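Peer 1: Make a model of this:
(one chain, ligands or ions: 1)
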Amino acid sequence: MAPNPRVTAAFRAMRDIGIKEAQVKPVLKRLLKLYEKNWELIEEENYRALADAIFEEEDNVVVEQKKKCKSTDEDDLEEEGQTQDEPERPLKRLRRGQGGPGSSSVNACNNSLGGSPLKRPKVEEGEPPDPCLQQRPQEMMEKPQSIPQHGTVNKGKQPLLPQIASPGKRSMSERASHVCIREPRVEQGIVLLPKQKVPDTHLLIKPKDEPFTDDMFTEDVPDYEVPIAVIHPAPPCKVGSSVGNDSVENQDGPEIPASQSLAEGNGIDGILASSSERGTNCKLATIPEESPPTLEIASSPLGEVKISLSCDSTLGRPDFHMPSRDEVIKLMEDKCLRTYKIIDTNFSVKKLLNDMCECFLELGTYSTDESQEGSINISPTLDVLKESSVQDAGGNELGLCMPSSNGSVNIQCSAEVAELLSRLPTSLNGLDGQKQASKKIIPNGYTESEREKELEDPESTNSRCLVVVPQQKNPPSDLRSLHDVNDLTKGEERVRISWVNEINSECLPSFKYIPRNLIFQNANVNFTLSRIGDEDCCSACLGDCLSLSTLCHCANTTGGQFAYAKGDLLREEFLEECISMTRDPQRHQHLYCRECPLERPRIDDCLEPCKGHLRRKYIKECWSKCGCSKNCGNRVVQRGISCKLQVFCTPEGKGWGLRTLEDLPKGAFVCEYVGEILTSSELYERNLESNNSGKRTHSVLLDAEWGSGALKSEEALCLDATFFGNVARFINHRCLDANLVEIPVKVETPDHTYYHFAFFTTRVVAALEELTWDYGIDFDDHDQPVKVFRCLCGSKFCRNMKRSIRSRCATIAR
Ligand SMILES: C[S@@+](CC[C@H](N)C(=O)[O-])C[C@H]1O[C@@H](n2cnc3c(N)ncnc32)[C@H](O)[C@@H]1O
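Peer 2: Numbers count the residues shown, from 1 in each chain. Here you go, the predicted structure:
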């Protein structure tokens, strides 16, 4: 009989997290019986019930063994045996923990709207979802680039800690939240994320239920779709295989007793030490295990943290030889780069361990915080520093040693955290935020204001997870365009730009970040110096043109005044005029093309008349042919983004949006709209294609000075940030009273068709406010080339809302 694909899929899912078929088989059988062959219950949440049941079985075996050893009472043993025969329905665990949207959607609401500091609300079991966490509109959901993941990235001042677990038993996901490390057998493309969940759509297509027979258990796994993203952040430990010998079978020991690892918050031995205790005693956290692998973490009041990993899976293997420390590190780093798709080649295991030390101290320092729930216990009585003979590698140096006496492998790492702060890398993929976090772990040195400061610091966010690529059936090129958790610009900008999703499990859409416009194909943009005449530059200037007593040529091109005032801000008058042009275009001059490239021939082969182009004000910046310095006050846009920005998932359902993490003054440059430069015909073709495939494009038209003649369609330029773009592609629309205004900026060329499309603030913008601009959409124009969205801008001037009110009124009148 052909193997049941559901069985093979279950095997495969378990194999991906390092569980052997032999272990899976009996448990799966039992579960199927228990659930009356209801496969859905087993497959839910990527076989969580199955994995939980397997882990539970392991726990039970260990408990039983312990009891057998300790007790000689035959009767007691019998009783134990009976209790163990009765399996606990793992299903009930599925409702606990972090799986639901409620838990992943912490502190979303207030942030973008009210601008109040982020707080991590306590998500209670069964608590109804926050009403502000709406679904995204259909068109956003259709976005094909979105990469589902469950591990939401927390921008809050606290990492999203594991939810409380019952002390005795832990579910798979709870185990995953441990610092206990087992290298899962992940497929190419899988990268670990904390708390991921595979959406149903990415599970195997389920055939109808088939009878469950032993024939189903066959090695002959048919070539079904592999479940996408087998994402269990840090499944239980198996250090040995990654260190000594790749082929070493997983000889997992029993799991860490939950009472010593995940706190319920009360009633458990080894509860968190109070802050006063921390000041006086040597505080030690230990996650002892009854058999290897063992993880021990120890800290001292001086901020010293030692981590010791022991794995005895090599015990009894005659062929085992002790590899060198460097070999192990090298292999581990290769694995990290290859398997977990950590893109930063500077990634280092030492740094990883270093960060682990810091995480520990950080969690320990937050012991009174409610978000401490579920963190590692500190056991004040055990002195692991002494007992585990952890070698202090001396000073700041991380020490890794592997005593080989009995074939066991022991990796130890210690760090003087306080001193290490200054040495931590500024860019360590997915980990560098720890440097920020570490500032607050210095005992007694952390204030609330620092916390809030950190909150606003993009570098402090999203730092608690590794990169981030759930396994997809994507080609490698897609993987390449995914973004560093901490900096979606991948170092392309002067500032780092983080992203955060506190609403749902979506990742950023896939696109390639570019800091400057690139020509797609036919756009005729000519940057040659020879095109810049003397009248278009200020070659005789020195230093800062804004400080000169006489205006230079660059000011002449903008009507004898610079657009900028001191401090990189726009002149108030200039800004107000630009705002007025956007908000009340009819009051301003328009130019009309004889043959408008935007108008396409209709049935009778006649062009529609030009609808007119606003004669915009533009900024002319000094550039390379000018004599002034790079710091000249008339060079703002070309210096790039300088404010702290963050991409976030909007709670109103607009998808991703951009917000500022610091207060911005009025007239400040925020960013440019960067993308591929296309001709209007090229964009038209793209739009046709994307409309057909239901995708949206992110494009803007460069039409500041059209209409002065007969512009050919290949001269009419657009920017499309759909595939290549910068952070501006995330700026959402707001009708009329947006806090950004777009202004054309000429930098390299006096060309009237090409210019930079730059955003400036229309008013003071408070930290955490969403940044928006008015796309200028006519929601009543149904002839638009791209599908118009239902506007959720929330402005009282919303043009789309008016339309819906109008149509409602019309309906009522009828
Ligand atoms: C340039 S993108 C902005 C970033 C986008 N939200 C995202 O997730 O990638 C434009 C798209 O965002 C959404 N959007 C922007 N402003 C919106 C608004 N006011 N109401 C609803 N959706 C909006 C629409 O789907 C629109 O097509």
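
Peer 1: which bits of the stretch 551-700 of the chain sit near the ligand?
Peer 2: Proximity of the stretch 551-700 of the chain to the ligand (CB under 6 Å from any ligand atom) is limited to residues Lys654, Gly655, Trp656, Gly657, Arg696, His698. C-beta here means a position set from N, CA and C on the backbone, and glycine is covered the same way.

Peer 1: please redo it, this time with the cut-off set to 5 Å
Peer 2: Within the stretch 551-700 of the chain, the positions near the ligand by CB under 5 Å from any ligand atom are Lys654, Gly655, Trp656, Arg696, His698.

Peer 1: Now do the same for the first one: helix, strand or coil?
Peer 2: Reduced to three states with DSSP: H, G, I helix; E, B strand; the rest coil, the structure at Lys654 is coil.

Peer 1: Tell me what the nearest residue to it once chain neighbours are set aside is bridged to.
Peer 2: Distances taken as CB to CB, 6 or more residues apart in numbering put Asn732 closest to Lys654, at 4.8 Å, once the chain neighbours are dropped. For Asn732, the beta-bridge partners are Thr772 (DSSP bridges).

Peer 1: can you count the residues close to Asn732?
Peer 2: Neighbour count of Asn732, defined by other CB atoms under 10 Å: 21.

Peer 1: which residues does it contact?
Peer 2: By CB atoms under 8 Å, 6 or more residues apart in numbering, the contact list for Asn732 reads Thr650, Lys654, Gly655, Gly657, Leu658, Glu770, Thr772, Cys793.

Peer 1: tell me the pLDDT at it?
Peer 2: Listed pLDDT for Asn732 reads 97.

Peer 1: how far away is it from the ligand?
Peer 2: 3 Å (CB to the nearest ligand atom, to the nearest Å).

Peer 1: any idea how far Phe648 is from that residue?
Peer 2: Asn732 is 11 Å from Phe648, where distance means CB to CB, to the nearest Å.

Peer 1: joint contacts of these two?
Peer 2: By CB under 8 Å, 6+ apart, Asn732 and Phe648 have these common neighbours: Gly657, Leu658, Glu770.

Peer 1: which of the residues in stretch 554-570 are buried?
Peer 2: Residues of stretch 554-570 classed as buried: Cys554, Ala555, Thr557, Thr558, Phe562, Ala563, Tyr564, Ala565, Asp568, Leu569, Leu570 (neighbour count, 16 or more other CB atoms under 10 Å).

Peer 1: Name the nearest of the shared contacts of Asn732 and Phe648 relative to Ala540.
Peer 2: Closest approach to Ala540 among the shared contacts of Asn732 and Phe648 (CB to CB): Leu658, at 39.5 Å.

Peer 1: wait, doesn't the closest one sit right on Thr650?
Peer 2: No. The criterion here is CB atoms under 8 Å, and Leu658 misses it with Thr650 at 9.7 Å.

Peer 1: Just give the number of residues close to the residue of the chain found nearest the ligand.
Peer 2: Closest approach between the chain and the ligand, counting by CB to the nearest ligand atom: Gly655, at 2.6 Å. Using other CB under 10 Å, Gly655 is surrounded by 22 other residues.

Peer 1: what do you get for Gly653?
Peer 2: Using other CB under 10 Å, Gly653 has 18 neighbouring residues.

Peer 1: my guess is it meets Cys793, correct?
Peer 2: No. With contact defined as CB under 8 Å, Gly653 does not reach Cys793; the gap is 11.3 Å.

Peer 1: Report the secondary structure state of Val61.
Peer 2: The local conformation at Val61, judged by three-state DSSP, is helix.

Peer 1: Need the max-distance pair from the contacts of Asn732.
Peer 2: Among the contacts of Asn732, the pair separated by the greatest distance (CB to CB) is Leu658 and Cys793, at 14.0 Å.
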